[in-house]
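Asker: here is my input, please return the structure:
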Amino acid sequence: MNRVEEQDAMKRVPTLKEGTFDVAEIRKDFPILARQVHGKPLVYLDSTASSQKPNAVIEAMSAYYETTHANVHRGVYEISEEATARMEKARVKVARFLHVKQSKQIIFTRNTTESINLVAYSWGDANISAGDLIVLTELEHHSNLVPWQLLAKRKGARLEFVPVTDDGQLRLDIYEQLLQQKPKLVAFTHMSNVLGTINPAKEMIEKAHEVGAIVLLDAAQSVPHLPVDAQDLDADFICFSAHKMLGPTGVGVLYGKRALLEEMPPFMGGGDMIRTVGLRESTWNDLPWKFEAGTPAIAEAIGLGAAIDYLNALGMENVRKHEEEITAYAMERLQTVPGLSVYGPDAAHRGGVISFTLGDIHPHDLASILDQEVGVAIRAGHHCAQPLMERFGLTATARASFYVYTIPEDIDTLVEGLHKALNIFNL
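Answerer: Down below sits the predicted model:
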């Protein structure tokens, strides 16, 4: 067993009792959950924005810095080769997590946003022409809106949008009408970061392919919370971020079908993405390195690999089942709060995120009260989805979101804090 294998063997994995999901044991792996804020135990309900990190991830990154830190791919000395092996092993873990056959289809980026921009500039500039149609939806995060707006302006393309029903579901009848116009590209979120809506991705991708469209799936919210099989979904591109799935910030993933990636020009120029460089002309490296210019986020990629090990030990089916249960409990408990409005579908059609308003209390005020009065961390604002806010006639909502470490007591504390907010505002 070499040093890399020894370090992997030493990593902590979650404790499961007879194949069940033991949240009490899981919580012990997250050191931040032991801290207090404003003299109260931290209740973290903002995992949609960024998840907390288990010891396994923290230790894997520390081990890299303590024992094998060196730049990757070019060093012929031992620790550089070890660093390269650990980073490339993480790439293989990502591929297997997505059920992808070839790890060279996995591109490391900084985050979901960069992954989408990579496709918009590299594939988009080469394939979108004046008058071409790009179909998006009203559910999209700004990261899956702005890159296509910029592309449409550069190329003179058209943007059309699938509208959302009052309960937060896509108008699939309108989607099919838009597909009849034969769009060149369809891009949509697998799961809404605001409403929690889980879209019928496989069906939507299949219908888009029937009219010849390329499909990009924003999986920033789905990959951390649902079993995602890239081969079964058959999306042309899938994008997501490590920091939403127990991993570190600073590293994201772009999966692409190999034929498309091979044809696409580089996104950025510099070291590692080249094969040869002359003063006036260069040639490009093979996949995946053609799209990974400069020194990569080595420790972060290793941390992502450790996060995938952790999630695999939990089992993604167990992760999904836990979130279904905790979301249903939260929806039930929130109904006991007078004047509270929840947006989006029922618990059976959403992931572990709930956006709401409470009377006339501004969401920012509500988030501040929850933090100071009961130690609950939630998100407040437009959640980088301003067009969706406008669709519902809102400027902002409060948002509670859940993950593998969320327990019913966290929801109870949230509800307690909401009642305190009502008292503070005399409502």
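
Asker: quick check: Thr109 vs Gly256, distance?
Answerer: For Thr109, the distance to Gly256 (Cβ to Cβ, to the nearest Å) stands at 11 Å. (Glycine included, C-beta is placed from N, CA and C.)

Asker: for those two, indicate the residue with more neighbours.
Answerer: The residue with more neighbours, out of Thr109 and Gly256, is Gly256; 28 against 24, by other Cβ atoms under 10 Å.

Asker: and the more buried one, backbone torsions?
Answerer: Main-chain torsions, Gly256, degrees, to the nearest 10: phi -140, psi 150.

Asker: OK, contacts around the nearest residue to it once chain neighbours are set aside?
Answerer: For Gly256, ignoring the flanking residues on the chain, the nearest one in space by Cβ to Cβ, 6 or more residues apart in numbering is Phe237 at 5.0 Å. Applying Cβ atoms under 8 Å, 6 or more residues apart in numbering to Phe237 gives the contacts Ser115, Val119, Trp123, Ile214, Val215, Leu216, Leu217, Leu254, Tyr255, Gly256, Lys257, Leu260.

Asker: tell me the buried residues within those residues.
Answerer: In those, burial by neighbour count holds for Ser115, Val119, Trp123, Ile214, Val215, Leu216, Leu217, Leu254, Tyr255, Gly256, Lys257, Leu260, counting by 16 or more other Cβ atoms under 10 Å.

Asker: which residues of the stretch 251-400 of the chain fall in helices?
Answerer: Ranges of helices within the stretch 251-400 of the chain are 258-263, 298-314, 316-334, 363-374, 386-391, based on DSSP state H, counting those that start in this stretch.

Asker: quick check: mean pLDDT of the first one?
Answerer: Pointing back at helix 258-263 there. For helix 258-263, mean pLDDT rounds to 97.

Asker: which residues touch that helix?
Answerer: Helix 258-263 has contacts (Cβ under 8 Å, 6+ apart) with 102, 104-105, 107, 123, 126, 214, 236-237, 287-288, 290-291.

Asker: now do the fourth one
Answerer: Applying Cβ under 8 Å, 6+ apart, the contact partners of helix 363-374 are 37-38, 40, 43, 357-358, 376-381, 396-398, 413-414, 416-418, 420-421, 424.

Asker: please repeat the previous calculation with a cut-off of 6 Å.
Answerer: Here helix 363-374 makes contact (Cβ atoms under 6 Å, 6 or more residues apart in numbering) with 38, 358, 376, 378, 380, 396-398, 413, 416-417, 420-421.

Asker: Asp166: which of the contacts of Phe237 is nearest?
Answerer: Nearest to Asp166, judged by Cβ to Cβ, of those is Leu217 at 24.8 Å.

Asker: so what's Ala330 up against?
Answerer: Counting by Cβ under 6 Å, 6+ apart, Ala330 touches Ile354, Ile411.

Asker: now do the same for it: its pLDDT.
Answerer: As predicted, Ala330 sits at a pLDDT of 98.

Asker: quick check: the gap between it and Lys244.
Answerer: Computed as Cβ to Cβ, the Ala330 to Lys244 distance reads 19 Å.

Asker: which stretches in the stretch 1-150 of the chain count as strands?
Answerer: Assigned by DSSP state E, counting those that start in this stretch, the stretch 1-150 of the chain shows strands spanning 36-37, 40-41, 43-44, 106-109, 133-137.

Asker: out of those, flag the one nearest Leu314.
Answerer: Distance to Leu314, taken as Cβ to Cβ, is lowest for strand 43-44 among these, at 17.6 Å.

Asker: helices or strands up against the closest one?
Answerer: Judged by 3 or more Cβ pairs under 6 Å, 6 or more residues apart in numbering; DSSP states H and E, strand 43-44 is in contact with no other helix or strand.

Asker: and it, which strands flank it?
Answerer: Strands that pair with strand 43-44, judged by DSSP bridges, come out as strand 376-377 (parallel).

Asker: who's in contact with the partner strand?
Answerer: Val43, Tyr44, Asp46, Leu370, Thr413, Leu414, Gly417.

Asker: could you dump those residues to JSON lines with neighbour count and pLDDT?
Answerer: Output for those, formatted as JSON lines (neighbours: other Cβ atoms under 10 Å; pLDDT from 0 to 100):
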{"residue": "Val43", "neighbour count": "26", "pLDDT": "98"}
{"residue": "Tyr44", "neighbour count": "23", "pLDDT": "98"}
{"residue": "Asp46", "neighbour count": "21", "pLDDT": "98"}
{"residue": "Leu370", "neighbour count": "25", "pLDDT": "98"}
{"residue": "Thr413", "neighbour count": "20", "pLDDT": "98"}
{"residue": "Leu414", "neighbour count": "23", "pLDDT": "98"}
{"residue": "Gly417", "neighbour count": "24", "pLDDT": "98"}
